[in-house]
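S.K.: coords below, sequence missing:
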RNA sequence: GCCCAGAUGGCGGAAUUGGCAGACGCGACGGAUUCAAAAUCCGUUACCUUCGGGUGUGAGGGUUCGACCCCCUCUCUGGGUACCA
């Protein structure tokens, strides 16, 4: 036993208990233990070279406190931590210094682990996972194989954002729209569009289940809405127009089939495949030059110029299927190739964009929905802007008079019978660009073979329903997977981590690794040619950082399993996380991608629940003292280590939680921590005197004064409720109130002190353990259970009733708690301070809210 | 532009969800203790006031006996999104 300090010496106490928890495995999760389970998940961090900043411990303190609380209440708690360690900064560092990313990762992980331990976070480290560990990414690759075999992965030449400075392709979400043009999120470098061969996942096929699944989830409403908008379901119809003089049709998607009679022209996107074939000779030059211009525009420029519509006429026309009217076809970049069919029917009277375009190019505008005189019109009764509301149809032949909803159905039915239209649903969600031209990511377990060889390869290695092929250096190649026994496919050693200037992955330069031979019946591979084996080359792209983070919560349940991603029995025992805590910045992408993968795993029977995260909580952001986002460049970064040295981890934990509601964005204020430091010193002094010995007024057989006893029990009630709701700020404030009472009590029952320490322990575990031990306990406070409050102790004999006249506070009085309405009102009327306000007035109404208020309405 | 969240003392924030606005803490002020300081303890601290009281939760209106809380309009701040047919 180390020397017992007299004062609250956190610098010696905290490391002592941190080692204790680690050695005793106090918070290890035990598979199949006969107790209710609780799985708390933190979003795992990217172990950067910079180490932890003050934002990390915020969510982690909340989850650590909740974990300790749940443990005290008898739950078998699973609370793991891991490392989302693939990623660009480590690779950039490798390019600069030549250090292997695995080496850097190892160092950063060690540093992060150390820092997390210093804060007293007791993760079950035996379950830690690292996405860059081959034993882990073996299963990331395994999941990809399942996606591939189900036909949910394909290859496409896609114009993607390429950043010359970073030498890599970026996903849309990694590109920021800035006033200087599109820039990379990391490093703020200029980026440009380049067509590059990419792997893409058909997340759009899961659009419907991804929307439906949201309904049952206990998530912040705003996050659900964000995902819903991102998926962007819209109902409408597909309508086919015949192109005049060509054996071609244009199919459009519209949410307003009811406005079809008002379609006065059509627009196709500049990238639309029919553009060149339907454009007339006379218009060729103009259209071609327009397309060239449109291509050079970035997405931002297209959006920025939203006010001014541009376009060119193709000279071709199409037939409106409802009235046989011949309408012109235009090319314009306000129609996007990536949404719907890349073509629209333009109804300028009822769509603002079409209206602006029609004005610009002097195209016909026909109103077909009656606006009931609500729309703004000029002197001649012509619309000044599109009327986008609904209403009865006009100028629509036999549809006239029907309301929009009825007409939508009627028109689609009519077109359907002629095979010129049908009801359809469209999504904003696009397929997921799933490859990066980088070194530091999971290699794809994919080989490319020639078309002839592909025919001879065993079906188990193919995507049977949707074979994947592409052109590489002019040859058509087909994709097959490695057999599952060949996993993990590890990253090869390379001489340089720099991508080639044409944007290909650094792996494309690893010649020895790249070319190999495969046995077509077994999938066995070798770098030597063998009888009957086939020459193949490896996929050189790697997976994006999202891949590893899409399923890590499953692996914590069974982190060392060599035979399966997760043991079904363990999966059933622990289930999915009961609570997922993490930043709102992942509200869409990470959470959507993970749900997609989880639903796939559910469909193929790997997991037993359809949704991975039933309850989600977003912690807020800690801002710098200046109220701005913490950043190195602003110089307002607070370093947790400095705070721990000066005040201790317990103080930092408490203060982070005391700052405000967990979900709020709140500024750090170093001075404020003094209050927490005082609270902790006072707690110490409650139990121990100046000599470090138990305070003499703490006795087993003594009684608290009634007021303090009431406060203690009210505190147990309130704090328990607050822990459940993650309302740590108010829990702490109640602890302060409770402590202030206990500190003043002359006689202090041991039980009261112990109750208080148990309430405090989840948030300030080191001091609680130390004082618990000084009270003579041999076992950890973690096994001491949770205090119960006695409802009978909360009942008061007298209560304060507020007297109001006309809703204004005039007086209050202590009255018996069980007072009836009549007596309470009588007391109010008789009160000295009330009398002057009712004198000479008649009382119109008397309101009594039991135990709270009497309100006299006087006139 | 659209969607979401928010606005309460000098500061961070409370308010049982329609019932005493400002809990708890910081800061400030006054006092005790001290040779002095640190630490600790005790007060005061929304604003105005003729000391009776009056006014106050971003602004304006409404519902109600009663509104920080519900409804309408507006202003500002933060976040997301961007011609999605």
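M.R.: Looks like it came in fine. Remember, it's a predicted structure, so these values are computed and weren't measured experimentally.

S.K.: for the rest of this, base every contact and every neighbour count on C-alpha atoms.
M.R.: OK.

S.K.: residues in contact with the helix or strand hosting residue A:291?
M.R.: Assigned by DSSP states H and E, residue A:291 belongs to helix A:284-296. The contact list for helix A:284-296, computed with CA atoms under 8 Å, 6 or more residues apart in numbering, reads A:270-271, A:276, A:279, A:311-314, A:331, A:333.

S.K.: okay, buried residues for it please.
M.R.: Taking 16 or more other CA atoms under 10 Å as the neighbour-count basis, helix A:284-296 is seen to contain the buried residues A:284, A:287-288, A:290-291, A:294.

S.K.: report the next helix or strand after the helix or strand where residue A:70 lies in sequence order.
M.R.: Under the assignment given by DSSP H and E, the secondary-structure element containing residue A:70 is helix A:56-72. Remark: after helix A:56-72, the chain's next helix or strand is strand A:76-78, criterion DSSP H and E.

S.K.: mind checking how far that next one is from the chain centre?
M.R.: Once both centres are worked out by CA atoms, centre = their mean, to the nearest Å, strand A:76-78 turns out to sit 24 Å from its chain's centre.

S.K.: quick revisit: which other helices and strands contact the helix holding residue A:70?
M.R.: If contacts are counted by 3 or more CA pairs under 8 Å, 6 or more residues apart in numbering; DSSP states H and E, helix A:56-72 sits against strand A:37-42, strand A:76-78, helix A:649-658, helix A:706-724.

S.K.: for residue A:111, find the nearest of the ones you listed.
M.R.: Nearest to residue A:111, of all those, is helix A:649-658, at 16.8 Å by CA to CA.

S.K.: what sits against the residue nearest to residue A:230 when sequence neighbours are not counted?
M.R.: Taking CA to CA, 6 or more residues apart in numbering as the measure, residue A:230 lies nearest to residue A:429, with 6.2 Å between them; neighbours along the chain are not counted. Contacts were defined as CA under 8 Å, 6+ apart; by that measure residue A:429 touches A:204, A:207, A:230-232.

S.K.: residue A:796 now?
M.R.: residue A:817.

S.K.: got a pLDDT number for it?
M.R.: Predicted confidence (pLDDT) at residue A:796: the value is 79.

S.K.: helix, strand, or coil at it?
M.R.: When classified by DSSP: H, G, I helix; E, B strand; the rest coil, residue A:796 comes out as coil.

S.K.: just residue A:235 next, same as before
M.R.: What three-state DSSP gives for residue A:235 is strand.

S.K.: now it. Nearest residue, chain neighbours left out?
M.R.: Sequence neighbours aside, residue A:425 is the residue nearest to residue A:235 in space, at 4.6 Å (criterion: CA to CA, 6+ apart).

S.K.: touching, that neighbour and residue A:252? I think so.
M.R.: No: in this structure residue A:425 lies outside contact range of residue A:252 using CA atoms under 8 Å: 12.0 Å.

S.K.: can you tell if the helix or strand hosting residue A:157 touches RNA strand B?
M.R.: For residue A:157, the host element (DSSP H and E) is strand A:153-163. No: no part of strand A:153-163 sits near RNA strand B under the criterion CA under 7 Å from any atom of the strand; the closest distance found is 13.7 Å.

S.K.: avg pLDDT for whichever helix or strand comes after that strand?
M.R.: With elements assigned by DSSP H and E, the helix or strand that comes after strand A:153-163 is strand A:168-170. Averaged across strand A:168-170, the pLDDT comes to 71.
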